[in-house]
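Trainee: need the 3D shape of this:
(chains A and B)
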Amino acid sequence: MNPESPEHSTNGTDRVAEFDALRRLLVGPEQSKIEELSEEIQSRQPSAEELADKLPEAIALRGSRDDQLGRALGPTIDIALRESIRRDPQEMATAIFPVLGPAIRKAIAETMAGLVHSINAAVEQSLSVNGIKWRVEAWRTGVPYPDIVIKRALVYRVEQAFLVHSETGLLLEHVSAPDLSMPDADLISSMLTAIQDFVRDSFKPGEGAMLRTFSVGDHTVQVEAGPRASLAVVIRGNAPESVLRKQQDALETVHMEFATPLADFTGDSTPFLPTRPLLEGCLETVLTTSKQKHPNAWMKWAIPLALVVAIAAAFWIRSTVRWNRALNALRDEPGLVVVDASRNFGSWKISGLRDPIARDPASVLAGIGMTQTLTGKWEGYLSLDPVLVRARARASIDSLKQSVESDKILFAAGSADLDAAGIAKLTSIANRYRRLEDEAAGAGSAASVELIGRTDPSGADETNAALADRRVQTVSRWFESSGIPTSHIAPRAIAAAQPIAAPDSATQARVNRSVSFRVRFSPVRNQDGAAR
Amino acid sequence: MIQKKICMVGVYAVGKTCLVQHFVTGIFSVKYLSTVGVKIDRKRVRVGEEDVTLMLWDLEGRDALVDVNSSYVKGAHGVMYVADGTRPETVIAINGLRDMVEDTVGNIPSIIAFNKTDLTEQWAISAASESSAGGEDMRRVRTSAKTGDGVESAFQWLAEQTMAPKGGAQ
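Mentor: Residues are numbered from 1 along each chain as shown, chains lettered A, B, ... in the order given. This next block holds a predicted model:
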């Protein structure tokens, strides 16, 4: 290179070539390395490790887009499953056991549902006829009552359930009826397993075949085996198919819910404590026949029914007693005639006749301590009952007496003469008094009338006294002329002594220039006295 | 509750049944051995903080030969081989029994009990055959069902081994 004339001695192309040569000299090795690397990057496949990281995400991503992945994997999975089952069928059977069992049984159960029924009755049937009979028997023989019930009425009883680990024969859990104690359940569990093995080895049945039930006396042992555990129940009596179904259900649930503890079992049964409720679900006691059902069904209702009837009867009797008492009181009441009476749910309808002066029916009932609302209609009538007649007469006499006593005959100042109004009034008063005398005589008493003569306060007392006397005489004469016996008239001139009160002095003076009346009664002495 | 299945294995009349008789709780009679071929008893031991119930499966060969039903060994957590110290052939039989056990349940905690040590006069096992019986890593004890010597400790050791984590010492 010539530093003095670079631009003159070379053209552009030469220079590029020179630079290239220079670059090759300076960074040639690195450049080829970079080219190799970039080629490698271009052609590079993800490593297994990277793929493992990305795979789940990639599958999820593709799966959310379309079904291609499923379609692509389908045949491979089929082959994998086939291969897996071919290699170890037991493994697959174990895996699907909890799913398959219920599905198959459900289908069967639905078909059978209409045919299957069982009779259930509780042990506590103390009120039934048989219950009492058995209690007597228990008392007489000294055998415990539950034993008698079982002896007489047992259809079947699932007394115990053993959950047994299949491989070791160790007891995982055991439950028994409350009255049974089983201290050697673990030994029995192991022996059950040993007997299974013994039977299998002795008779060499097919694959998976096993001793499912065996009976001793009235006891039956029913064994249901699963892949990892078996459930054996001890039954007394003849158990229906439903017991086996319960047993299968329980065993499948155990396999499903306790899959891990079952697989990892090395002798510690603690994780299987929660299976107790499942096993207890298999225990049951079913007693007796339908014969017993009828008296029981009846007995169940007898006591409440009797109570209801007794209460209703008590109410009815009480209400009837009240009703009769009320009717009697109304019938006995003067002036009331009961014509029609009915009652309906506490409402009383009583209709009849009622004298206007008779007591109100409601007050008659109140008088005997009953506050009862009455409906119904009472028509008016006049009663001839002596009490009513007397009462009516007294009422009439009282009213006449009041009418007579409330009137007075007014006079002009200083006068004892009747004016026209005075005459008319006096005529009316005399008539009323005569009627009063008649009615009083009818009621057994004699009437007399006091004529009270007054004056206003003005004037001398002697003058006033004389004036008052004249006024009384005027009225007295009029009464006598009207036919009222003189002996029935008591003149009494009091002048200004006891004046009638009035709001003002003018009115007072006017009303005191008068003769007023007071009626008196006395018992009739005899016919003559009354006449004279 | 922890339970372990222990198999007692040995040929006819080595004293297995006697060995456990005084140390266990059982409800089944000896005649089970001749009928079903197994009699199950229970023994409670304490390992550390835990109560362990050993379910002892007493397996009897149907004749003098090695003919123990291998089904009964399934799932066992431990095995006790029993030999009669006065009959050398019962020791030799253990090798065959051990093969059967290992074929069925694999390598599980095991112990050999040389029984009838009380019969010192009639002891017929050489030290060499005693120390080699059942293979190299086998635990061996001498027991006497009559005096009770060694019986408790044999069960205790076996229980502890079954409770040890997997791959623990044998």
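Trainee: please, where are all the helices along chain B?
Mentor: If DSSP state H is used as the criterion, the helices of chain B fall at B:16-21, B:31-35, B:88-105, B:127-132, B:151-163.
Trainee: any idea which of those is most buried?
Mentor: Mean neighbour count (mean count of other CB atoms under 10 Å in any protein chain shown) peaks for helix B:16-21 among those, with a mean of 22. In this view, the C-beta of every residue, glycine as well, is placed from N, C-alpha and C.
Trainee: circling back to that earlier point, including distance to residue B:112 and mean pLDDT, could the helices of chain B go into TSV?
Mentor: Formatted as TSV, the helices of chain B follow (distance: least, CB to CB, whole Å; pLDDT from 0 to 100):
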stretch	distance to residue B:112	mean pLDDT
helix B:16-21	12	78
helix B:31-35	20	65
helix B:88-105	6	86
helix B:127-132	9	81
helix B:151-163	9	91
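Trainee: ok, then the element right after the longest helix belonging to chain A?
Mentor: Ordering each helix of chain A by length in residues (DSSP H) puts helix A:293-332 first. Going down the chain from helix A:293-332, the next helix or strand is strand A:336-344, by DSSP states H and E.
Trainee: could you report the pLDDT at residue A:317?
Mentor: pLDDT recorded at residue A:317 is 90.
Trainee: same for the longest helix of chain A, what does it pack against?
Mentor: When contacts are defined as 3 or more CB pairs under 8 Å, 6 or more residues apart in numbering or on different chains; DSSP states H and E, helix A:293-332 sits against strand A:336-344, strand A:347-354, helix A:361-367.
Trainee: how about residues contacting the shortest one?
Mentor: Helix A:361-367 is contacted from outside by A:326, A:329-330, A:333, A:336, A:350, A:354, A:359, A:371-374, A:378, using CB atoms under 8 Å, 6 or more residues apart in numbering or on different chains.
Trainee: what does the first one give?
Mentor: Residues lying outside strand A:336-344 but in contact with it, judged by CB under 8 Å, 6+ apart, are A:319, A:323, A:327, A:330-331, A:348-355, A:358-359, A:361, A:364, A:376, A:378, A:381, A:383.
Trainee: quick check: residues of chain B near chain A?
Mentor: Applying CB under 8 Å from any CB of the partner chain, one finds that chain B approaches chain A through B:1-5, B:25-28, B:32, B:36-38, B:40-42, B:52-53, B:55, B:57, B:69, B:71-72, B:74-77, B:162.
Trainee: filter those down to the buried ones, ChimeraX style.
Mentor: Under the burial definition 16 or more other CB atoms under 10 Å in any protein chain shown, those of the residues of chain B next to chain A that qualify are selected in ChimeraX by:
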select /B:1,2,3,4,5,26,28,32,36,37,38,40,41,42,52,53,55,57,69,71,72,74,75,76,77,162
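Trainee: determine which two of the contacts of helix A:361-367 are furthest apart.
Mentor: A:354 and A:371 (19.8 Å; CB to CB).
Trainee: so these two - more neighbours on which side?
Mentor: residue A:354 (22 against 7; other CB atoms under 10 Å in any protein chain shown).
Trainee: quick check: the more buried one touching residue A:377?
Mentor: No - at 9.7 Å, residue A:354 does not count as touching residue A:377 under the criterion of CB atoms under 8 Å.
Trainee: is it fair to say residue A:260 lies in a helix?
Mentor: Yes - under DSSP: H, G, I helix; E, B strand; the rest coil, residue A:260 falls within a helix.
Trainee: ok, how many other residues are close to it?
Mentor: The burial count for residue A:260: 9, using other CB under 10 Å.
Trainee: and the pLDDT at it?
Mentor: Reported pLDDT for residue A:260: 90.
Trainee: how close does residue A:82 sit to residue A:70?
Mentor: Distance, residue A:82 to residue A:70, by CB to CB, to the nearest Å: 18 Å.
Trainee: shaky segments in the chain?
Mentor: Defaulting to chain A. Of all residues in chain A, those with pLDDT under 70 make up the ranges A:1-11, A:106-107, A:109-128, A:146, A:149-150, A:153, A:288-300, A:525-532.
Trainee: to clarify, I was referring to chain B.
Mentor: B:26-35, B:61-68, B:166-170.
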